[in-house]
Each structure stands twice: as structure tokens, then as C-alpha cells.
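Visitor: what's the 3D shape of this:
(one chain, ligands or ions: 1)
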Amino acid sequence: MGFVRVFILVIVLLGTAFPGLAQGRTISVVVNGQPVRLEAPPFLLSGQVMIPAGAAFEAFGAAATWFAEKQAIVISNRTGLTLTLRPNEPVVLVNGEQRAIPIAPVLRGDRPFVPAQVVFSLLGAWVKFEEREGVLHVASQVLGVSPEQIPEGLRLIVDATGPVQVQTQRLSNPERLVLDLVNAANRVQEREINVQGGGVLRIRISQFQVKPYITRMVLDLAQPVTFQVTNAIDTFRIVVEVNPLGPATPPSSLSPAPDFSAALKVNEVRYEEGKGSRVVISANRAMPYTISEFVFPHRIAVDIQGAIFPPVRQVISVKNQVVTYVRAAQFMTNPEITRIVVTLRRKVPYVVRSEAGGTRLIVELEQATTRSHVVALDPGHGGKDPGAIGPTGLKEAEVVLDIALRTRDLLTRDGVKVVMTRDRDVFVEVVDRPRIAREQGATIYISIHANASVTASVSGSETYYNTPQSLALAQMIQEELTRALGLPSRGIKTANFYVIRDNTIPSVLVEVAFISSPAEEKLLRSPEVRQKIAIAIYKGILRFLEVYPVPAGH
Ligand SMILES: [Zn+2]
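Guide: Numbering: from 1, shown residues only. Down below sits the predicted model:
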């Protein structure tokens, strides 16, 4: 027994598993309040927490990619900030400009690890390593709040350095609007901004809570207002629009005496479809409320504080491209909370507006057709062109068509619009494929192929891309494919293939496996394996769609 234990210890010390220990403990990474499932255990190096360049950054709204052939790690976020690092070089290129860093990235096996505190700080995050607990905390920071008078009232632009979740509440006596920026550390210089316009007297900003961070903005109101919050999915910016109702009243006669004799009751929850989708919540008096977001699946929850819901429970089945269900229920009693949950097919921009003196709340969801992605699937070859042929005669054209159709069905089931460059065994010219996709409004393009080599032993999956906007898509699909198949990952590579070259939309070409390898040809014959591949491509696409907006002009 003693021998076995020593033996295991030796392996642990020699192997790459050792890095997970910090003073006998594993290190975990928590980004915006959520523990991140990392690709490999982090380790300590001269006070820096070294983490794999991957999931942790994705959790912070950035994509990290390892270019093995160029020995470069590229980390970019949706504001256009790009960091380039290399193993064993203590420098970083910040949008092309070189800066020294205390610790260089390192390679363990063929996986790059980067100094987390350094890189997250460069991305604008608040970072702290709790050595005793072995936890690296990362949070977004709120840098500025800029009010701007607009004809309709007041617009408030809140700039953050990473993803931020907004929760809103209305408070009475005096009238206030409270915006909680959850998972955001306050770096705003001003504690108070005098506005005197658009229905707002002043804005107070404070660090309301730490662990997790909540930055609270309180808008002291001069009169009743309606408002809407837009939490853009393509920037880290939050826009709050406040529209005063009627003429301003002096602060002394702010709010009509609230009617406390009647309990707050949510009278009606209904779903309406017009230009977009909306959920309308009505009550007998003004509703204090908070908004939360959940994922897997995406949900928006509206909690009406202190409200009873006489029907107790209500389910509205919608099942369109955006919404699956709306459920309303008495979520809690004593204190009463009525919760309305809108379950979405996928993340869409939305605003919550308060009308009729706060007695009506409207959750407005962006129209499915305006900014939703359209996915083009391009099964390679077909018709007179069978593509590569396996050792026992399996045709690439047939395999990739089946995989593409399976991927299409998965996406369609989720309400994602899909266009195909071919959906049968027909020949389509390579030069026509991107055009077919473009004409049908595609916003991302995935060409599906099986690889071939004259050497039978060559195996694995690889994904090609050509333009910078395609990099993250290639990375996400390649990761899912490698995870699902367990074949060697040949990584993501750049190439000049026609179908991914002249595209203005994110475009990749996936080589799912080697049909020339007897073992992989056998895998490609199996419907189960094809389904696995389709699920992997589908997951990669969904990850991309959730993070990246539809490119401008599409
Ligand atoms: Zn091919």
C-alpha cells in the first residue's frame, strides 16, 4: 500500500497534474460570480495564477485562441481589444503595441497557460487572488456613467469592461429607480451626478455589495417616469432611457399617497406578438420589481416584490422562434413575490419598460427577424464530385451531407434559421456556394468536409478559417468536435479555400475526420458518430451565436 502511494505521488510530481496545487489546494477561477470549468488545472508561478488560455476568458466575454504553428496566443474581446502573447516571452502586444509583463506564458504539454492576473487586468477586469482559499476572483468593472438629455427624457450610458447583469427596482416615497449592476466593481469617479432634467434629479453611484460585486445606481426622480434598460449583447455597454410622464412636479409633491389598503396584486400576465414579442404584466398599483437572467436555457425572470398572484400559477405556451414559454407563479409567500419567467430559445436583446405609473410592466423582446443569425451549412462536394473516398468505398459527399442535415435539424429545432448550399446529392460549383448562402441572408457559414491523406495513419479533426472574424467560430467548433469525438485535434488553421476566403461573414471549413484512415472511415459510417459530430458542430455554432452579434450590414 505504502509503495503504491509513493508511486502515485511520483507520477503526480512528474506529470502535468501537479500544477493544480497551491499550498496543497487546487486553484479555482470564479468569473463574475460563476466558477469556471477550466480545460486543465491552474498552477502558481511567482505569484501569478497560470490558467489555460480558454474557458476562463470566454466567461469574461473574450475568446482565446492558440496558434500552434505560429506559437501565438490571441485573446480578443467584443470591444475589439486584442492581446497577443507567446510562450516564454514576457511581453504582450496590446492592439499591436508591445508591453512588458512580469511572467511569460508557458506551454504544458501542448497547452498554453497565461498569467491570469496580468491578462485579466489588461482586459479591464478587477482581479484578486484569495491565496488562502485558492480562488482567483475576476469581475467586470463599471468605469463611467454618462447622462445625456434627449428629447424624450434622459439617456444614461453605463460603460463596463466586461459582461454585466442589470437588476432594476422601483422604490416609492420618494420615487427612485434603482439599477443594480451585478458582478461589477465600481470604478466611477463621481459619487453623485446632478442631472435636473428628463424626470431625474440626480444619480447616486455606490459599491452596494462585494462578493459578489454589485454597483448600485440610484436615480432620484422628479416625477413619475417610464424607463427601459438595454443590455446590449454586442458591447459591454448598458443604456438606460428614462422618459418622464407628464409635466414635472416639485419634489415636495412627488408621489401620490400609495394605497396601502389593498394588497399588491398581479392581475394579468399576457403574451403579445406584433412587430416583436412582448410580455405584459398588469397590477392594481405600481410594482417594485427586479430582473434576473438565467442560462441553459436562457430565461428572463421578473420578480414583483410584495405581490400576490391570485391565479397562483399560469403557463402560456408560445413556441415561436424566440420564446418557448411564459410562466407566472406565486414564487414566494411571506414576503410575497410573484415571479414571471420568460423562457427563450436563445439569448435575444430585450428591454423592460414600466408604464401607467408603474402598474404595467412590459418585457419587450427583439424581433426574431431583425437581428437573428442565419446559419449557412455547406456540405462539400456532391453529385458528380464524390469528394474523398475511403479505403472501403465510403464517399465524403454522402457523409458530409448527412452530417449537415443532422446539424440543420438540431439548429432548426432550436429556432435558428438555417440555409443549405445543397440538401441533396447534387453537384454545386464551389464558386456558387458562398453566393447561395449570401443570397439567402446567411450571417455565418460552415463548410463541412472529411479529410484525406495518402498516409493511412493520418487522423484527427481540424478547422480552417481565413478572416479574423472567423477565428472564434473556428475555435469553438474545433473544441466541441475534439471533445465529442476524442480524436486527435489538429487544431485550427488558416487556409485560402475559396468558400471561406471572400466571405464578409464568419466562415469556417471543418474537416471532421480522415475518411482515408480505415479507423476513421469506420467511425464515419456510423449514424451514432455522425450524430455526435452534428451535435458538436451545432454546439460550437450556438456558443458563437450567443457571444457574437450579427455582423453589421447583415
Ligand atoms: Zn472535401
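
Visitor: And the helix or strand where residue 119 lies, what's buried?
Guide: Using DSSP states H and E, residue 119 maps to helix 116-122. Of all the residues in helix 116-122, those buried under the rule 16 or more other Cβ atoms under 10 Å are 116, 117, 118, 119, 120, 122. C-betas here are computed from N, CA, C, even on glycine.

Visitor: for stretch 63-72, same thing?
Guide: 63, 64, 65, 66, 67, 72.

Visitor: Can you tell me the closest non-neighbouring residue to the one residue in the stretch 1-150 of the chain that gets nearest to the ion?
Guide: At 21.3 Å from the ion, residue 69 is the closest residue in the stretch 1-150 of the chain, using Cβ to the ion. Take residue 69 and drop its neighbours on the chain: the residue closest to it by Cβ to Cβ, 6 or more residues apart in numbering is residue 493, 7.2 Å away.

Visitor: What residues are bridge-paired with that neighbour?
Guide: Counting by DSSP bridges, residue 493 forms beta bridges with residue 464.

Visitor: And the helices in the stretch 401-550 of the chain?
Guide: Taking DSSP state H, counting those that start in this stretch, the helices of the stretch 401-550 of the chain run over residues 433-439, 471-485, 498-501, 518-525, 527-547.

Visitor: out of the ones you listed, nearest to residue 44?
Guide: Comparing these against residue 44 with Cβ to Cβ, the closest turns out to be helix 471-485 (25.8 Å).

Visitor: Relative to the longest strand anywhere in the chain, what are the paired strands and their orientations?
Guide: Assignment by DSSP state E gives strand 135-150 as the longest strand of the chain. If you go by DSSP bridges, strand 135-150 pairs up with strand 28-31 (parallel), strand 126-130 (antiparallel), strand 153-160 (antiparallel), strand 184-186 (parallel).

Visitor: C-terminal to the last one, what's the next element?
Guide: The one in question is strand 184-186. By DSSP H and E, the next helix or strand past strand 184-186 is strand 192-197.

Visitor: Nearest to the ion: which residue in this protein?
Guide: Of all residues in the chain, residue 449 sits closest to the ion, at 3.5 Å by Cβ to the ion.

Visitor: give the contact list for that residue.
Guide: By Cβ atoms under 8 Å, 6 or more residues apart in numbering, the contact set of residue 449 is 380, 381, 387, 396, 400, 509, 510, 511, 512.

Visitor: Could you show which parts of the stretch 251-400 of the chain are in contact with the ion?
Guide: Neighbours of the ion within the stretch 251-400 of the chain, by Cβ under 5 Å from the ion: 380, 387.

Visitor: can you give me the strands in the stretch 301-450 of the chain?
Guide: Residue ranges of the strands in the stretch 301-450 of the chain, as given by DSSP state E, counting those that start in this stretch, are 313-317, 323-332, 337-344, 350-355, 360-365, 374-379, 417-420, 444-451.

Visitor: mind checking which of those strands is nearest residue 33?
Guide: Using Cβ to Cβ, these put strand 337-344 closest to residue 33, at 20.2 Å.

Visitor: low-scoring stretches of the stretch 1-150 of the chain, by residue?
Guide: Low-confidence segments of the stretch 1-150 of the chain (pLDDT under 70): 1-25.

Visitor: where along it do the helices fall?
Guide: Going by DSSP H, counting those that start in this stretch, the stretch 1-150 of the chain shows helices at 2-14, 55-58, 116-122.

Visitor: Look at residue 538 and say how many residues are nearby.
Guide: For residue 538, the neighbour count with other Cβ atoms under 10 Å is 23.

Visitor: now residue 515
Guide: Close neighbours of residue 515, defined as other Cβ under 10 Å, add up to 27.

Visitor: Now do the contacts for it.
Guide: 388, 389, 390, 394, 396, 399, 450, 451, 452, 521, 524.

Visitor: The first one touches residue 394, doesn't it?
Guide: No. When contacts are counted by Cβ atoms under 8 Å, residue 388 is not listed as touching residue 394 (9.1 Å).

Visitor: Same drill for the two, tell me which one is more crowded.
Guide: More crowded of residue 388 and residue 394, by other Cβ under 10 Å: residue 388, with 22 against 18.
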